[in-house]
Each structure stands twice: as structure tokens, then as C-alpha cells.
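Student: I'd like to go over a predicted model; first the sequence, then the structure.
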Amino acid sequence: MRDIDFRVWNKTDKKIERVFSLNIFYNTVTTYEAKKYDNCDKEYDLMQYIGIKDCEGVKVFEEDMVEIAFKIDKPITGIVKFLEKEACFGVVTPDETFCFCEIDNFTLKVIGNTYEQ
């Protein structure tokens, strides 16, 4: 069974927080820091764990900045996004988009995220 995990970018405190509970019906999120957010658009940005870990065992989430390398090629830096058209997660770079469901034989390393630079 796939591990389901979320985190949020707290727009007020400018930090990443782990999600304890998520209520889609009421549009609320409670974090492990015991904060409750009632309005996702104004208070936080939600990011989903994409189901894979990087080469060092770190969970990969949406909006993570990663280095992706194929076999012996030089690593490419990109951002993990959900690709609507392909209906899967992938890495978006300035020049290319890689869909995880269509590639193999790659290494991935999380180097940051788009919020904490």
C-alpha cells in the first residue's frame, strides 16, 4: 500500500509543516504543530508526497526542487509537479518535462523546494 502523506507551506509563518489531518469536505488542515487552517487559498499551500524517495531516502513532495540524472548523463535540475495532461507526477525543467510514469533508470536527489530558497 502506498504511503499517503501531505505537507503545507504556511504562508503566514513562511515555513513547511507536516499535515496531521486533512478534511477535504470542510477544506481544513491540521498540522503536527497543532495549527488548524480553514482556508487553503489564503493560509497555506498543500503538497502531496508523490510515492517515491530520493537516492538518500528522503520523501519527494510536489514543489520539491530535485536533480534528476539518467544513467551517465549530467544531472538536470527541475521542480516536481503534478502533470494534469499526463495525470502523473513529473519533473519540470526550463527545457523539458519528465513524467515519472514514462521513465526508468534515473536517480533523483531532493535539493530544496520552491518555497524555502
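Tutor: Ah, there it is.
Student: rest of the way, CA atoms for contacts and neighbours
Tutor: Will do.
Student: show the backbone phi and psi for residue 102.
Tutor: phi -110, psi 0 (degrees, to the nearest 10).
Student: look at it and report its pLDDT.
Tutor: As predicted, residue 102 sits at a pLDDT of 76.
Student: quick one: it from residue 56, how far?
Tutor: Applying Cα to Cα, to the nearest Å, the value for residue 102 to residue 56 is 22 Å.
Student: residue 59 and residue 48 touch, don't they?
Tutor: No - using Cα atoms under 8 Å, residue 59 is not in contact with residue 48; the gap is 10.2 Å.
Student: now do the strands in the protein.
Tutor: With strands called from DSSP state E, the chain shows them at 6-10, 15-23, 28-31, 36-37, 44-53, 59-61, 64-70, 76-83, 88-92, 97-99, 106-113.
Student: find the nearest non-adjacent residue to residue 43, please.
Tutor: Once flanking residues are discounted, residue 43 sits nearest to residue 11: 5.5 Å by Cα to Cα, 6 or more residues apart in numbering.
Student: returning to what we had before: weakest of the strands of the chain in terms of mean pLDDT?
Tutor: Among those, strand 36-37 carries the lowest mean pLDDT (a mean of 72).
Student: ok, that strand: who's next to it in the sheet?
Tutor: Strand pairing for strand 36-37, using DSSP bridges, gives strand 28-31 (antiparallel).
Student: and the strand it pairs with, which residues are buried?
Tutor: Residues of strand 28-31 classed as buried under the neighbour-count rule (16 or more other Cα atoms under 10 Å) are 29-31.
Student: check stretch 97-106 too.
Tutor: 98-100.
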